[in-house]
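Enquirer: fold the following and give me the result.
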Amino acid sequence: MASNSELIEILGKPDTILVGFHPDQATDAIVNVGLEKRIPWVVVPCCVFPRLFPHRVWPGIKEGPVDTTDKLIDWIKAKNAGICEARLDFEGRNRVLFNL
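Expert: Numbering: from 1, shown residues only. Presented below is the predicted three-dimensional model:
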């Protein structure tokens, strides 16, 4: 496991990309660090964990807790207009969000 100083050094390299395939609780960290540090990132959100993340409020017509994967995807996309979405060619959780 990398130390904090090693991680900071890695994140500063120009060829760094953050990837989360079904990242569970790490989804927010990947997106937030990527946006903050302007590091390309890609995530395939899956589990929502509404009890662990009560600060997530769905940006839909009727605001409420982010308690489904679709709402999680909407919530992530609302963070930045540059976030893109695509679908991977398999069944199941196949919506991928990215900012390159």
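
Enquirer: residue ranges of the strands in the chain, please?
Expert: In the chain, strands defined by DSSP state E lie at 18-21, 41-44, 57-58, 64-65, 84-87, 95-99, listed in chain order.

Enquirer: mind giving me the packing neighbours of the longest one?
Expert: This points to strand 95-99. helix 27-37, strand 41-44, helix 69-77, strand 84-87 (3 or more C-beta pairs under 8 Å, 6 or more residues apart in numbering; DSSP states H and E). Backbone N, C-alpha and C define where each C-beta goes, glycine included.

Enquirer: swap the cut-off to 6 Å and go again
Expert: Secondary-structure packing of strand 95-99 (3 or more C-beta pairs under 6 Å, 6 or more residues apart in numbering; DSSP states H and E): strand 41-44, strand 84-87.

Enquirer: how about residues contacting stretch 7-22?
Expert: 26, 30, 34, 37, 39-44, 46 (C-beta atoms under 6 Å, 6 or more residues apart in numbering).
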